[in-house]
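>>> coords below, sequence missing:
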């Protein structure tokens, strides 16, 4: 997430970055919220200072036997005002935070600017596309022909775009998963991990799914929990909010 201070101090740079990403951002709204935030902070600080000073006066009056009733009444009103302003401040700060977490990262200066994917820069190629003397079938057609994929019944069970693996198809899926895990844990030093498939809002926010993709996520009704769209969501958040000792990091 871009820091508020950084955005304000580098507004032109940030605006330019958003324009490169075709992101329409209302920075005037952010600055207006920040002005209100600072105004509220000053009001609250002034009132708290006043309350502290008057509280000292009340203590002195009580000690000398004077009636401090009127000042006590005034301070009750001040305390109520502070409480109200604190609530307003929390609302404004939450709005500023929600604004900032929607900002995408600023693209690196080396990233080419293009109108669409036809202007993308080719960075690297590996091998040559295989040429066939016949029209190759897509994998989903081959899977259905072999009887190892059934999209019709999968749609009946769930909906479109979900597969139903059968027989050797299910076995192949399991074998590929085991192959990938075995290779990476035995030969590349990775630790096998089985995280929860259901995560909370903070976790989804940490990897950028929220708030941008709120409407596209599967949410548990009545709970602030979500089904993960990819493994990166729980994996990236495992050490969220922690400071890791450099000595235990992989080389």
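Now that the structure is in, tell me what you want to look at. The structure presented is a predicted model; accordingly, all values stated were derived computationally and were not measured.
>>> Show me where the chain has its strands.
Using DSSP state E, the strands found in the chain span residues 198-200, 225-227.
>>> Quick one, which of those gets closest to residue 138.
Ranking the strands of the chain by proximity to residue 138 (Cβ to Cβ) places strand 225-227 first, at 27.4 Å. To be clear about C-beta, it is placed using only N, CA and C from the backbone, and glycine gets the same treatment.
>>> can you redo the strands of the chain as CSV with mean neighbour count?
Formatted as CSV, the strands of the chain follow (neighbours: other Cβ atoms under 10 Å):
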stretch, mean neighbour count
strand 198-200, 16
strand 225-227, 17
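>>> out of those strands, which comes closest to residue 159?
Residue 159 sits nearest to strand 225-227 of all these, at 14.2 Å, using Cβ to Cβ.
>>> so what secondary structure elements neighbour that closest one?
Counting contacts by 3 or more Cβ pairs under 8 Å, 6 or more residues apart in numbering; DSSP states H and E, strand 225-227 is packed against strand 198-200.
>>> Could you name the helices and strands sitting against the strand it packs on?
Packed against strand 198-200, as judged by 3+ Cβ pairs under 8 Å, 6+ apart, are the following elements: strand 225-227, helix 232-237.
>>> can you list contacts of the last one?
Right, helix 232-237. Here helix 232-237 makes contact (Cβ atoms under 8 Å, 6 or more residues apart in numbering) with 193, 195, 196, 197, 199, 202, 203, 204, 206, 207, 209, 228.
>>> quick revisit: tabulate the helices and strands packed on strand 198-200 (TSV), appending mean pLDDT and distance to residue 13.
Below are these laid out as TSV (pLDDT from 0 to 100; distance: least, Cβ to Cβ, whole Å):
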stretch	mean pLDDT	distance to residue 13
strand 225-227	98	33
helix 232-237	96	26
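>>> quick one: residue 135 and residue 141, what's the gap?
11 Å (Cβ to Cβ, to the nearest Å).
>>> So between these two, which is more surrounded?
Each of residue 135 and residue 141 has its neighbours counted (other Cβ atoms under 10 Å); residue 141 has more, 11 against 5.
>>> Pull up the per-residue confidence for that one.
Looking at residue 141, its pLDDT reads 97.
>>> same deal with the one 5 residues further on?
The score at residue 146 is 98. That number is its pLDDT.
>>> list the contacts for it?
Listed by Cβ under 8 Å, 6+ apart, the contact set of residue 146 reads 168, 169.
>>> Tell me how many other residues crowd residue 115.
If you count neighbours by other Cβ under 10 Å, residue 115 ends up with 7.
>>> got it, and residue 21?
16.
>>> That one reaches residue 103, doesn't it?
No. The criterion here is Cβ atoms under 8 Å, and residue 21 misses it with residue 103 at 9.7 Å.
>>> what about residue 175, distance to residue 115?
For residue 175 relative to residue 115 (Cβ to Cβ), the value is 43 Å.
>>> ok, back up a step: residue 171 is nearest to which of the strands of the chain?
Checking the strands of the chain against residue 171 by Cβ to Cβ gives strand 225-227 as the closest, at 25.4 Å.
>>> now that closest one, how far from the centre of its chain.
Relative to its chain's centre, strand 225-227 lies at 14 Å (Cα atoms, centre = their mean, to the nearest Å).
>>> related to what we said a few turns ago, need the strands of the chain in JSON lines (columns: distance to residue 171).
Shown next, in JSON lines, are the strands of the chain (distance: least, Cβ to Cβ, whole Å):
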{"stretch": "strand 198-200", "distance to residue 171": "27"}
{"stretch": "strand 225-227", "distance to residue 171": "25"}
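>>> for those, which one sits closest to residue 147?
Short answer: strand 225-227, nearest of these by Cβ to Cβ, at 29.2 Å.
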